[in-house]
Structures are given as structure tokens and as C-alpha cells.
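S.K.: structure here, sequence nowhere to be found:
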């Protein structure tokens, strides 16, 4: 079966020397595409951002196709032609934007199957402050035209049903399973893009309030002007904290080592879908402290770390208390690893995708 995944920002995952443009949605499609490509029943193609003159090439068993995702009628026509030339039986896409409408239109026109995979709560809930994300009516039209919508959490599925009357299949984010890492733990970790949505300034404040701990921020240098200005605004405070380390250039494969060594992962985002960082932390047996987001209540119910608090002050106090309690840290880490085994095994979740979504 020929399948095509569309993920413009995934270029930097296949070509680590290129400017980083990927986030959680792109990382999941990259992992899913590689897992599908290992299975003889699938011929896997993927469209990523790149110049038209860049010839198709194969990486990790995946046929990569390149196009510049630019506005304008000519670009839309060329994109439709590329979708047709690939000739897949099924097209998969995730990520808010007008691209969803273009793929849905093609699949309706050519009678191909379209699967939309949600990447944040924003897609199902229009009341969430989009903070600059393009959640236009055209995106909603395209999402609702999908043959199947895949949700990351029960909450997303329930919200989608309540708002739009659409059922969905819940498939959690996954990573390849791994053994629990040995060795000592040191440091508090934050991983993400340095953008307003992720609220990195709150991690900086947490480091200021907790001088006895070492804080590590993995955040690539932003490519967009607005995000670069946001980083420059906070850089003097970051540089002024001796217990805060900012690392802007870490590949996906390298990040796991940081999770393995961390005592705690901190998330400060305004909203999320299901962060890949949570899954990586779980596979590293690293507790999680999340300011505002607890996917399906797992952090609180399963004892994975610090669940959302009423405000930042309370959250900071709870995180500091956990860091001072080695026995509780160890138990939360064990709980997190057990959760990874039961819910976030990439191969098992891709098998669910194959049997429930991609099966004829």
C-alpha cells in the first residue's frame, strides 16, 4: 500500500544540518513514517519543505519529495500535481493551517483517502486562544472532510465530538521502546521552541527561584523574526543566571541523553496536544512537572510528577518540593516508565494505525 505523509517542517529531521523547523507534530510523523517503512506491506512517501529543483531521494526507506510551501495559486497547482504524481492510496497530514484544505480537496477530487491527525487541543476547541496560529475556517473545512480523524487524547476526541459531531480514533504519541537508563540524575530540563505559546520565560523564572538546582533549556535558535526578538528579550536574564544552561543545537537523537540525565522535565506551555517531550521523559523514567496541561489526567492520576497548579507560585513550590524528595522522584520516574510501556510504544501504536485506519 502506498501512503503519503505531508509534513513541511520535517526536513530538518531528515537533514539535521538544515535550519531546525520541526516541532512535535513533525517528529511524530517522522517516527511513524520510519516505522511504516520497516514494514514490507507499505511503500512510504513524504512531502517536506524544499526547493522544487531538489530531486526526490530516499532516506530511512522513505521516498522524500520536496516543494517550497509558499502562498499563491501557482504553488497550489504544483502541490496538487505533486500529490497526483505520488499516486498514494492514502494521504496523512497533521498541523493547523490552510494546507489541510488543499489535501482534503485533492482527496475528494481524486477519490483518495485522507486522514487528519490532531496535534493540539486547539484543533478541536475553537475557544482556545490561538496565539497567532492560523486556525481559519478553511482549515476546519479540510479537517472535517477527512475520512478518519486521529486524536492524541480522550479529551481531544470528546471535544471534537461535542463541537463538530465527529468521531475520532485515539492513538497516543509514541517513541521506540527502550530500557530504563542507569546512572545519576542532575538538572531540571525544558525542551521546546522559544515562542510565546511555550512560555519559556516561566522556566527562566523557575531557575531564578531555585538556585540550588541546575536548569537546562533545549531550544533551537528561532528562524522567524518575531521569535528571534522574543529570545533576545529574555537572553540577558538567561545569561545572568549561573544555574541556567541554554543549548540551541541538539538533534532529536541527542535529546534523549538529556532526558536520561534529568531529575525532572518541566512544561510551561499555554496549551498542548500531547507533547513528545512527555513521552521521551516517560521512556527515560523522568518525572514530569506541567504548569497548565495534564493529558487525560495521567500526571495526577498515575503519579507521574507535578500536575497543573492554581498559579505559577504554587507550581514552583510543588516542583521545588518534589526536587527535594529523592524517594518521591524515584517513584514518579518508575510510574512514568510504566506509563510509557502501556501507552506510548511506537510499534504498537503504529500497528493500531495500520489495523484501524490504513486497512482497506
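M.R.: It's in. Small disclaimer: the values here were computed from a predicted structure and weren't measured.
S.K.: for this structure, what spans make up the helices?
M.R.: Along the chain, counting by DSSP state H, helices occupy 11-14, 24-37, 73-86, 99-110, 137-144, 154-164, 200-209, 225-239, 252-261, 276-283, 298-302, 312-323, 326-343, 346-353.
S.K.: pull the contacting residues for the nearest residue to residue 116 once chain neighbours are set aside.
M.R.: For residue 116, ignoring the flanking residues on the chain, the nearest one in space by C-beta to C-beta, 6 or more residues apart in numbering is residue 146 at 3.8 Å. Every residue, glycine included, has its C-beta placed from N, CA and C. Going by C-beta atoms under 8 Å, 6 or more residues apart in numbering, residue 146 touches 104, 114, 115, 116.
S.K.: what about the closest residue to residue 312 other than its chain neighbours, neighbour count?
M.R.: Spatial nearest neighbour of residue 312, excluding adjacent residues (C-beta to C-beta, 6+ apart): residue 202 at 6.1 Å. Applying other C-beta atoms under 10 Å, we find 19 residues neighbouring residue 202.
S.K.: mind listing what's buried in stretch 111-127?
M.R.: Buried residues in stretch 111-127, counted by 16 or more other C-beta atoms under 10 Å: 112-125.
S.K.: kindly report the same for stretch 201-216.
M.R.: Of the residues in stretch 201-216, those buried (16+ other C-beta under 10 Å) are 201, 202, 203, 204, 205, 206, 207, 210, 213, 214, 215, 216.
S.K.: if we can go back for a sec, and the residue nearest to residue 116, what pLDDT?
M.R.: On pLDDT, residue 146 comes in at 97.
S.K.: please report how far it lies from residue 309.
M.R.: 36 Å (C-beta to C-beta, to the nearest Å).
S.K.: same check, this time on residue 275
M.R.: Residue 275 is 18 Å from residue 309, by C-beta to C-beta.
S.K.: show me the domain layout of the protein.
M.R.: The record's domain split for the chain, according to automatic domain parsing, is 2-174+345-358, 188-343.
S.K.: residue 180: which of those is closest?
M.R.: Taking C-beta to C-beta, domain 188-343 is the member of these nearest to residue 180, at 4.9 Å.
S.K.: what about that closest one, average pLDDT?
M.R.: Taken as a whole, domain 188-343 has an average pLDDT of 93.
S.K.: in contact with the residue nearest to residue 248 when sequence neighbours are not counted: list those residues for me.
M.R.: Excluding its sequence neighbours, the residue lying closest to residue 248 (C-beta to C-beta, 6+ apart) is residue 221, at 4.6 Å. Counting by C-beta under 8 Å, 6+ apart, residue 221 makes contact with 20, 228, 231, 248, 249.
S.K.: for the third one, which non-adjacent residue is spatially closest?
M.R.: In space, and not counting its chain neighbours, residue 231 is closest to residue 194: 4.8 Å by C-beta to C-beta, 6+ apart.
S.K.: re the thing from before, tabulate the helices of the chain (TSV), appending distance to residue 5.
M.R.: TSV is the format used below for these (distance: least, C-beta to C-beta, whole Å):
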stretch	distance to residue 5
helix 11-14	12
helix 24-37	5
helix 73-86	11
helix 99-110	11
helix 137-144	16
helix 154-164	20
helix 200-209	29
helix 225-239	26
helix 252-261	16
helix 276-283	16
helix 298-302	27
helix 312-323	36
helix 326-343	22
helix 346-353	11
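S.K.: ok, which of these comes nearest residue 54?
M.R.: Nearest to residue 54, of the helices of the chain and by C-beta to C-beta, is helix 11-14 at 9.7 Å.
S.K.: you'd agree residue 59 is up against residue 14?
M.R.: Yes. Between residue 59 and residue 14 there is a contact at 4.9 Å, judged by C-beta atoms under 8 Å.
S.K.: who has more neighbours out of the two?
M.R.: Set residue 59 next to residue 14 and count neighbours by other C-beta under 10 Å: residue 14 wins out with 19 against 16.
S.K.: separation between that one and residue 360?
M.R.: Counting by C-beta to C-beta, the gap from residue 14 to residue 360 is 29 Å.
S.K.: then residue 97?
M.R.: Distance of residue 97 to residue 360, computed by C-beta to C-beta: 29 Å.
S.K.: what about those two, which has more around it?
M.R.: Ranked by neighbour count (other C-beta under 10 Å), residue 97 and residue 360 place residue 97 first, with 17 against 6.
S.K.: isn't the more buried one right up against residue 139?
M.R.: Yes. The pair residue 97 and residue 139 passes the contact test of C-beta under 8 Å, sitting 6.1 Å apart.
S.K.: one step back: so which of the domains of the chain is nearest residue 182?
M.R.: domain 188-343 (8.8 Å).
S.K.: got the phi and psi for residue 180?
M.R.: phi -60, psi 130 (degrees, to the nearest 10).
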